[in-house]
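[1] quick check, what structure comes out for this input:
(2 chains)
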Amino acid sequence: MERARPLAEPPAPSLAVDEQAALRDFFEVYDAHHEEVSAALLEWARGHPELRAWVEGTPPEEHAERQRRSRELMRRAALDGEWEPYLEHLRTQGMTYSQAGLSFRTWFEVVAGFRRVIHPHLVEAYGGDLPRLGAVLGAVNRLLEVALATVGEAYLEAKEEQIRAQQEAIRELSTPVLPVREGLIILPLVGAIDSTRAQQITERLLRGIEAHRARLVVLDITGVPAVDSAVANHLLQTVRAARLMGATVVVTGMSAANAQTLVRIGVDLSGLNTVGDLRGGLEEADRLLGYRTVRVEPEARAD
Amino acid sequence: MTVPVLRLGRTLIVTLPSAVSDTEMLELQDRLAEEVGELGIRGVVLDVSVVDVLDSFATRTLRGIAQTVRLRGARAVIVGVRPEVAFSMVRLGLTLEDVPTALDLEEALDHLDRATGGGTGRGR
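    Alright, predicted model coming up:
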């Protein structure tokens, strides 16, 4: 399967000297009060419908450890300007939230909760110096914006990855290669075929011939609602490629509508070996392979 | 380097190397035209299972070989076209037309046996 493209590294925020100073001011206050802040957040999370299970399912030491680690990384970002480890930590968090099935909204609520808890402490510390307080609040907003964007991006990326994996699974399921007997495989196709899927069918068919040493392939398109000229041509090419490998393809289940479409759009089907339905196709395949199916009468079957 | 040709009874087994030059292909065609008559060969297996690409020249020459062999009184069969080779040939509009193909050596030999009425001398 094609790996998801790696997440573009979010650039570390470029901060002016005064913003840097304000961020330091904020961190000093947070560091001094981190225990109260954590406790308040944990208390709030306990009352939250989505977070409750997570809070109660994790031992307190682990919460403390997580907090400590997160604070340490934030320290390096805020005091030393070393953002990369902190951003990486946020990305991991985003992916974890996504995999845990938490809603996007919850993360915003966590951030809002943090803001609510930290504000009184900031006011208490810098209330006497309004310009400084303003700068610190601005720095907090900046920091939280970066955090929200980073977590959000990772969250969405993880969701998209899930969708891709599911699409892949559906595609796998929708093109089974079934070995029926020696030298014979069946590919029952179900659902719409676009050019990506047509290509995948080709690959699976040709690989199936190789893997099962199939001299005959029955391609059943009963479950395909519509065939356009691009798909028809692709299937035709596949049939020719199979013949080059030494296998014969029998197409079954061409609906009246599909047949009419193909004739109307003028696809040259002279190379196509078609039989009405899957049953007829299997009979034809047996004939070509030299098998004969004989029904044994019940009395002859008695052991 | 010449293309290796093995003899098995009245059958020749030719294994094309992964990268085969145009000159080598033409040499092979000349050589098979000679040997099929001289050695009383009834069947020729052209094994392309290690060939990475069959371009239009190689395809045309393979067809030429099959026709020459036929005119000399034997039958040829191509064996071991890999999935990716097959598909890229079809994309380029290359076909082997009336040259029979087989999945593997065993089937190729069976095919030759049938086509020549058991005349390949494999003693089966």
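[2] grab the nearest non-local neighbour of the closest residue to chain B within the stretch 151-300 of chain A.
    Nearest residue of the stretch 151-300 of chain A to chain B: A:Leu206, at 3.3 Å (CB to the nearest CB). To be clear about C-beta, it is placed using only N, CA and C from the backbone, and glycine gets the same treatment. Distance criterion CB to CB, 6 or more residues apart in numbering or on different chains; nearest residue to A:Leu206, sequence neighbours excluded, is B:Pro83 at 3.3 Å.
[3] what's the neighbour count on that neighbour?
    B:Pro83 has 21 neighbours, counted by other CB atoms under 10 Å in any protein chain shown.
[4] pretty sure it contacts A:Met245?
    Yes. Under the contact definition of CB atoms under 8 Å, B:Pro83 touches A:Met245, with a separation of 6.8 Å.
[5] intersection of neighbour lists for those two?
    Residues touching both B:Pro83 and A:Met245 (CB atoms under 8 Å, 6 or more residues apart in numbering or on different chains): A:206, A:209-210.
[6] out of these, flag the one nearest to A:Gly280.
    Closest to A:Gly280 out of these is A:Ile209 (21.4 Å), distances taken as CB to CB.
[7] my guess is that closest one contacts A:Val249, does it?
    No. A:Ile209 is not in contact with A:Val249 according to CB under 8 Å; the separation is 9.2 Å.
[8] now for the helix or strand hosting A:Trp107, which elements pack on it?
    Using DSSP states H and E, A:Trp107 sits in helix A:104-126. Judged by 3 or more CB pairs under 8 Å, 6 or more residues apart in numbering or on different chains; DSSP states H and E, the packing partners of helix A:104-126 are helix A:17-32, helix A:34-46, helix A:84-100, helix A:130-174.
[9] could I get the buried residue list for it?
    A:106-107, A:110, A:113-114, A:117-118, A:121-122, A:125-126 (16 or more other CB atoms under 10 Å in any protein chain shown).
[10] what secondary structure does A:Leu15 sit in?
    Classification of A:Leu15 using DSSP: H, G, I helix; E, B strand; the rest coil returns coil.
[11] how about the contacts made by it?
    Contacts of A:Leu15 (CB under 8 Å, 6+ apart): A:23, A:81, A:142.
[12] give the buried subset of the residues you listed as a PyMOL selection command.
    Of those, the buried ones can be selected in PyMOL as follows, counting by 16+ other CB under 10 Å:
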select buried, chain A and resi 23+142
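[13] lowest-confidence member of the contacts of A:Leu15, which is it?
    Across the contacts of A:Leu15, the smallest pLDDT goes to A:Gly81, namely 86.
[14] so that one touches A:Glu19, yeah?
    No. A:Gly81 is beyond contact range of A:Glu19, at 11.1 Å (criterion: CB under 8 Å).
[15] what parts of chain B come near chain A?
    B:78-79, B:81-87, B:89-91, B:95-96, B:101-104, B:107 (CB under 8 Å from any CB of the partner chain).
[16] quick one, which of the residues you listed are buried?
    B:78-79, B:81-83, B:85-87, B:89-90, B:95-96, B:101-103, B:107.
[17] from the residues you listed, which land in helices?
    Judged by DSSP state H, those include B:83, B:85-87, B:89-90, B:107 as members of helices.
[18] between the residues you listed, which is closest to B:Leu8?
    Nearest to B:Leu8, judged by CB to CB, of these is B:Glu107 at 14.9 Å.
[19] contacting residues for that closest one?
    A:215, A:246, B:79.
[20] residue 68 - how many residues pack around it?
    You didn't say which chain, so I picked chain A. What A:Arg68 shows, counting by other CB under 10 Å, is a neighbour count of 12.
[21] was after chain B, sorry
    17.
[22] wasn't it part of a helix?
    Yes. B:Thr68: assigned to a helix according to three-state DSSP.
[23] make sure it is actually in contact with B:Gln29.
    Yes. Between B:Thr68 and B:Gln29 there is a contact under CB under 8 Å: 6.4 Å.
[24] joint contacts of the two?
    By CB under 8 Å, 6+ apart, no residue touches both B:Thr68 and B:Gln29.
[25] would you format the contacts of A:Leu15 as JSON lines with distance to chain B included?
    Listed next are these as JSON lines, based on distance: CB to the nearest CB, whole Å:
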{"residue": "A:Leu23", "distance to chain B": "56"}
{"residue": "A:Gly81", "distance to chain B": "51"}
{"residue": "A:Arg142", "distance to chain B": "53"}
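[26] which other residues reach stretch A:271-280?
    A:186, A:188, A:218, A:220, A:222, A:236, A:239-240, A:248-254, A:281, A:283-284.
[27] flag every buried residue along that stretch.
    For stretch A:271-280, using 16+ other CB under 10 Å, the buried residues are A:272-275, A:278.
[28] one more: stretch B:31-46?
    Buried residues in stretch B:31-46 (16+ other CB under 10 Å): B:31-33, B:35-36, B:41-46.
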